[in-house]
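J.: predicted model follows, preceded by the sequence.
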Amino acid sequence: MSTLRTFIATSTLITITGCTWVPLTDNGAGVDIVDAEKITTCELLGEVTSSTQDKIVVGRSSGKIQEELFVLARNEAAVQGADTIVAKAAPENGRQSFSIYRCRS
């Protein structure tokens with residue numbers, strides 16, 4: 001019975017704290033996040049939108065949400081051949097759009 005209680009308590013804690021983890025791929029690690037004014041001689045490749053849970057049972061920290069959105073965007077940008085992303089706006093309801101660029105030759 002004690003093992004079951006421990007399992008339930010751990011599962012509940014993970015759910016309440018919104019413990020999710022999005023892994024950064026090796027290719028995604030090669031994608032930079034920059035401000036729009038840093039884009040000068042880059043080729044615009046398109047746009048990606050990433051989304052994550054902003055609430056599980058209670059609201060999640062904005063820092064954790066932003067981190068996951070960046071990781072998701074970097075991973076997707078790498079798949080599309082980009083090496084740089086620029087946030088188009090602040091995250092809203094667990095979603096954020098990014099312009100993706102190829103800046104390195």
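T.: Perfect, I can see it now.

J.: tell me, how many residues neighbour residue 61?
T.: Using other CB atoms under 10 Å, residue 61 is surrounded by 11 other residues. All C-beta spots, glycine's among them, are computed from the backbone N, C-alpha and C.

J.: which ones are touching the residue nearest the centre of the chain?
T.: For the chain, the residue nearest the mean C-alpha position is residue 69 (2.0 Å; CA atoms, centre = their mean). Residues near residue 69 by CB atoms under 8 Å, 6 or more residues apart in numbering: 50, 51, 52, 91, 94, 95, 96.

J.: helix, strand or coil: sort out it for me.
T.: helix (DSSP: H, G, I helix; E, B strand; the rest coil).

J.: sorry, back to before: quick one: which of the contacts of residue 69 is nearest to residue 80?
T.: For those, the minimum distance to residue 80 (CB to CB) is 12.7 Å, reached by residue 50.

J.: for the closest one, which non-adjacent residue is spatially closest?
T.: Leaving aside its sequence neighbours, residue 50 sits nearest to residue 72 (CB to CB, 6 or more residues apart in numbering; 3.6 Å).

J.: next up, phi/psi of that neighbour, please.
T.: Backbone geometry at residue 72, expressed as degrees, to the nearest 10, gives phi -60, psi -40.

J.: wait, isn't it in contact with residue 22?
T.: Yes: assessed by CB atoms under 8 Å, residue 72 is found in contact with residue 22 at 5.9 Å.
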